[in-house]
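Asks: Curious how this folds, go ahead:
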Amino acid sequence: SSAMAGAKMITDTGEEIEHSDMLMSDFVQEEIYPGVKLNGSFIWVLEESKAEDVESVTFIWEAPVNDADETLGEDVEIEIQF
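Replies: Below you'll find the model as predicted:
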C-alpha cells in the first residue's frame, strides 16, 4: 500500500491551501510505506491571510489508497490553535 505525502491546510480565516510549497519544503517521495518514518519540514504560504490574523489551522491528510485505488483507513484531520 502507498500514500500520497502532503496535507491540505485550512486557516480559521477561511483560506484553503491544497499543498505545501514544494520549493521551500523538504522533499518527501510520493509513496510512503507502512512502518517507514520520515522527518522534514513543510511550508505553506498564505496568499489571502496575514499570519497575525490566523488563530488556528487545520491540516487534512487524505487516507492512503492501495494499487487498486481502494481507500485504506480514514482521513486524518488535526487542528492546531495559536
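
Asks: Regarding residue 52, what is its secondary structure?
Replies: Counting by DSSP: H, G, I helix; E, B strand; the rest coil, the backbone at residue 52 sits in helix.

Asks: neighbours of it, just the number please.
Replies: As a burial measure, residue 52 scores 7 neighbours (other C-beta atoms under 10 Å). Every residue, glycine included, has its C-beta placed from N, CA and C.

Asks: Would you mind measuring from it to residue 11?
Replies: According to C-beta to C-beta, to the nearest Å, residue 52 and residue 11 sit 12 Å apart.

Asks: which SSE is the residue of the chain positioned farthest from its centre in?
Replies: If you look at how far each residue of the chain sits from its centre, by C-alpha atoms, centre = their mean, the farthest one is residue 68, at 22.6 Å. Using DSSP states H and E, residue 68 falls within no helix or strand.

Asks: for residue 41, same thing?
Replies: Using DSSP H and E, no helix or strand contains residue 41.

Asks: thought it was touching residue 28?
Replies: No. Checked against C-beta atoms under 8 Å, the pair residue 41 and residue 28 is beyond contact range at 10.2 Å.

Asks: Among those two, which residue is more densely surrounded?
Replies: Between residue 41 and residue 28, counting by other C-beta under 10 Å, residue 28 is the more crowded of the two (15 against 8).

Asks: Is that one in contact with residue 38, as I believe?
Replies: Yes. The criterion here is C-beta under 8 Å, and residue 28 meets it with residue 38 at 5.8 Å.
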